[in-house]
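A.B. asks: Mind looking at a prediction? Sequence and model below.
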Amino acid sequence: NVSIFFFSSRRRHTRYISVTGVQTCALPIFKETLGYKIIYGPEILPDSDNPLRDSAKSVLLKQNMLDSFSKINPDIPTSAIEYAIKKISNLQGVKTIHKNEEFHNYLLNGISVQYKKNDEVKHDLVYPIDFKHPEKNEFLAINQFTIVGEKERRPDIITFVNGIPLAVLELKNIKYQNADIHKAFNQIQTYKREIPALFDYNEICVINDGTNGKMGTVSSSEEWFSSWKSIEGEKISSDNKASSILTLTKGAFEKSRFLDLIQNFITFKREGRNQNAIKIIAGYHQYYATNKTLDAVVEARGKSKKAGVVWHTQGSGKSLTMSFCAGKIMKSKEMENPTIIVITDRNDLDEQLFNTFSSCSEILPEKPKQASSTSDLKEKLNVASGGIIFTTIQKFRVEKGKSEFDEISSRDNIIVIADEAHRTQYGLNAKYKKQKDGMYQKGYGLAKYLRDAIPNSTFLGFTGTPIDLKDRSTRAMFGAYIRSEEHTSELQSH
């Protein structure tokens, strides 16, 4: 039964759930709502009636891996799949974060194998997860999963996909002294020291104290653990924080959404003199904004050509959101291998965004390129498909005496992502400027010349300060705001 405790104060009543109660709340959600199979950890130990583990030191369910990998890689022989499992079992990195990055690469890109077939050596890839068909994967939620490392530890809940532990949930009870969300975070750090093997494969860490639920990655500091406030991206959960673990579970661990997060919303960046790897996962507002943006881009292509405006707040991770959007647009079947042009109006912004995108190799199918000049820009855009190109809008300036920019490409799957979309993105109508000789010369804004060059492209704007004036309207240039209830909440909270 769920244990619920009520404590009164002068201002309001707050609902607290005990640690066993939180587990009792979360496990039925995993089973009944999300369709995970629930397993009690002690029942699969080596000396149990249903042993699924080699030993308590092992965090992998190797038979489950073999069965699942064989199912989603049906044309690859068992010997090659066993080799792939061996590669996953013996990651080469020295530190946990290095092993974690190596494994994440295996998840996304597969494990290279070779085998003989009809006396020929075949080279192939074994994929640990079928991202396209979530229903073909095995999802487990195991509570009280004993792991023996430097010490014996039992995390509250671990979720497995195809026999691999991809998420750990640590649930505390705030009614006990010091058992708050800070304690839950510290418990994760203890696990990292004492049972590090679990985190070689970890994609998401969840911490909860009965009222607050937050998620982060293996390398996230406590300040970067964040709440997941919406289940479907259309409605913010209530202010009653006792529901936060339920919202987080239903929101982030729904099967297709969980796999989408892993495949398209996790990246590694390097920081400091030693270029230490930091693993980053999207916040809920970035996740939903990205997927809504993809829908808007697909809808606008070849029609209005105005995908919309992403209205962001300072500190909301705009550059990463742009990277997530670019990745999903590039991978979209509907967009048919598009070209993305990222437009800024200053060289320093161009460099900054280019560096952010360049560090997101996990989510981008191609390496971004910078245009060094107008001629270089034309050369990079003169392709049949593909490419992520960075440029300043000034490179679309026309030659003296001209009122039009030469067309570079008529393709309709070119997507322009404009940063600071409220600036330098206007001037479609002609203006006349008086010259020294008394004659008037017709001219336009840079936005017009940009559209001359790529007339069938679709435009997407990012800005924190959209404007709506008679001759300068961000929405008139790019379309409606791409946002929903969860984004409105983010705006109101800043």
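C.D. replies: Everything's here; your move.
A.B. asks: Output stretch 456-468 as PDB, restricted to C-alpha atoms.
C.D. replies: These are the backbone C-alpha positions of stretch 456-468, laid out as PDB (Å, rounded to 0.1, in the frame of the first residue of the first chain):
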ATOM      1  CA  ASN A 456      12.000  28.000 -51.600                       C
ATOM      2  CA  SER A 457      13.700  27.600 -48.200                       C
ATOM      3  CA  THR A 458      11.800  27.400 -44.900                       C
ATOM      4  CA  PHE A 459      12.600  29.900 -42.100                       C
ATOM      5  CA  LEU A 460      12.800  29.300 -38.400                       C
ATOM      6  CA  GLY A 461      13.600  32.000 -35.900                       C
ATOM      7  CA  PHE A 462      15.100  31.900 -32.400                       C
ATOM      8  CA  THR A 463      14.800  35.000 -30.200                       C
ATOM      9  CA  GLY A 464      14.400  36.100 -26.600                       C
ATOM     10  CA  THR A 465      12.900  39.400 -27.600                       C
ATOM     11  CA  PRO A 466      10.500  39.200 -30.500                       C
ATOM     12  CA  ILE A 467       9.200  42.500 -31.900                       C
ATOM     13  CA  ASP A 468       6.000  43.400 -33.600                       C
END
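A.B. asks: what comes up buried for it?
C.D. replies: Neighbour-count burial for stretch 456-468, counted by 16 or more other CB atoms under 10 Å, picks out 457-464, 466. C-beta: built from backbone N, CA, C; applies to glycine.
A.B. asks: same check, this time on stretch 189-204
C.D. replies: 191-192, 195-204.
A.B. asks: hang on, the earlier thing: just flag the most distant two among the buried residues of stretch 456-468.
C.D. replies: Greatest spatial distance among the buried residues of stretch 456-468 (CB to CB): 457 and 464, at 23.6 Å.
A.B. asks: Residue 473 against residue 467, yeah?
C.D. replies: Yes: judged on CB atoms under 8 Å, residue 473 makes contact with residue 467 at a distance of 6.9 Å.
A.B. asks: tally of neighbours for the nearest residue to residue 227 once chain neighbours are set aside?
C.D. replies: Leaving aside its sequence neighbours, residue 227 sits nearest to residue 214 (CB to CB, 6 or more residues apart in numbering; 5.5 Å). Number of residues near residue 214 (other CB atoms under 10 Å) recorded here: 22.
A.B. asks: Same question for residue 223.
C.D. replies: Other residues lying near residue 223 total 8 when counted by other CB under 10 Å.
A.B. asks: what about it, which SS state?
C.D. replies: helix (DSSP: H, G, I helix; E, B strand; the rest coil).
A.B. asks: Report pLDDT for it.
C.D. replies: In this model, residue 223 is scored at 94, pLDDT.
A.B. asks: Please report the distance of it from residue 216.
C.D. replies: Remark: distance between residue 223 and residue 216 (CB to CB, to the nearest Å) = 9 Å.
A.B. asks: And residue 138, by the same measure?
C.D. replies: The gap separating residue 138 from residue 216 is 25 Å, by CB to CB.
A.B. asks: So between the two, which is more surrounded?
C.D. replies: Ranked by neighbour count (other CB under 10 Å), residue 138 and residue 216 place residue 216 first, with 22 against 18.
A.B. asks: Would you confirm that that one contacts residue 202?
C.D. replies: No: taking CB under 8 Å as the definition, residue 216 is not a contact partner of residue 202, at 10.4 Å.
A.B. asks: Now do the strands in the stretch 301-450 of the chain.
C.D. replies: Taking DSSP state E, counting those that start in this stretch to define them, one finds strands in the stretch 301-450 of the chain at 306-311, 339-344, 369-370, 388-392, 414-419, 431-434, 440-443.
A.B. asks: what packs against the first one?
C.D. replies: To tie it back to what came earlier, the one meant is strand 306-311. Other helices and strands packing on strand 306-311, by 3 or more CB pairs under 8 Å, 6 or more residues apart in numbering; DSSP states H and E, are helix 284-300, strand 458-463, helix 474-478.
A.B. asks: got the angle between it and helix 284-300?
C.D. replies: Counting by axes from the mean of the first three to the mean of the last three CA atoms, to 10 degrees, strand 306-311 lies at 160 degrees to helix 284-300.
A.B. asks: Which residues does strand 306-311 contact?
C.D. replies: With CB atoms under 8 Å, 6 or more residues apart in numbering as the test, strand 306-311 has contacts from 289, 293, 296-297, 299-300, 321, 325, 415, 421, 458-464, 466, 474-475, 477-483, 487, 491.
A.B. asks: With the second one instead?
C.D. replies: Surrounding strand 339-344, the residues in contact under the criterion CB under 8 Å, 6+ apart are 322, 326, 329-330, 350, 353-354, 357, 368, 381, 383, 385-393, 409, 411, 413-420, 450, 454, 457.
A.B. asks: hmm, which of those residues are the buried ones?
C.D. replies: 322, 326, 329-330, 350, 353-354, 357, 368, 381, 387-393, 409, 411, 413-420, 450, 454, 457.
A.B. asks: For residue 150, which of the strands of the stretch 301-450 of the chain is the nearest?
C.D. replies: The nearest among the strands of the stretch 301-450 of the chain, by CB to CB, is strand 388-392 at 44.1 Å.
A.B. asks: Quick one: residues in contact with that closest one.
C.D. replies: The contact list for strand 388-392, computed with CB under 8 Å, 6+ apart, reads 326, 330, 339-347, 350, 353-354, 357, 364, 366-371, 377, 380-381.
A.B. asks: Just give me how far stretch 50-60 sits from the chain centre.
C.D. replies: 31 Å (CA atoms, centre = their mean, to the nearest Å).
A.B. asks: Put together a markdown table for the strands of the stretch 301-450 of the chain, with mean pLDDT on each row.
C.D. replies: As requested, the strands of the stretch 301-450 of the chain are exported to a markdown table (pLDDT from 0 to 100):
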| stretch | mean pLDDT |
| --- | --- |
| strand 306-311 | 93 |
| strand 339-344 | 96 |
| strand 369-370 | 97 |
| strand 388-392 | 97 |
| strand 414-419 | 96 |
| strand 431-434 | 59 |
| strand 440-443 | 54 |
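A.B. asks: In TSV, list the ones you listed along with distance to residue 285.
C.D. replies: Formatted as TSV, these follow (distance: least, CB to CB, whole Å):
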stretch	distance to residue 285
strand 306-311	11
strand 339-344	21
strand 369-370	29
strand 388-392	23
strand 414-419	18
strand 431-434	39
strand 440-443	40
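A.B. asks: Out of those strands, the one nearest residue 34 is which?
C.D. replies: That would be strand 306-311 among these, by CB to CB, at 29.2 Å.
A.B. asks: Show me the buried residues of stretch 189-204 that map onto strands.
C.D. replies: residue 204 (DSSP state E).
A.B. asks: for the buried residues of stretch 189-204, which one is nearest residue 128?
C.D. replies: Set against residue 128, the nearest of those by CB to CB is residue 201 (9.8 Å).
A.B. asks: what's that closest one sitting at in phi/psi?
C.D. replies: With angles defined as degrees, to the nearest 10, residue 201 sits at phi -120, psi 0.
A.B. asks: Could you check how far it is from residue 364?
C.D. replies: From residue 201 over to residue 364 the distance is 23 Å, taken as CB to CB.
A.B. asks: related to what we said a few turns ago, ok but the residue nearest to residue 227 is inside a strand, no?
C.D. replies: Yes: using three-state DSSP, the assignment for residue 214 is a strand.
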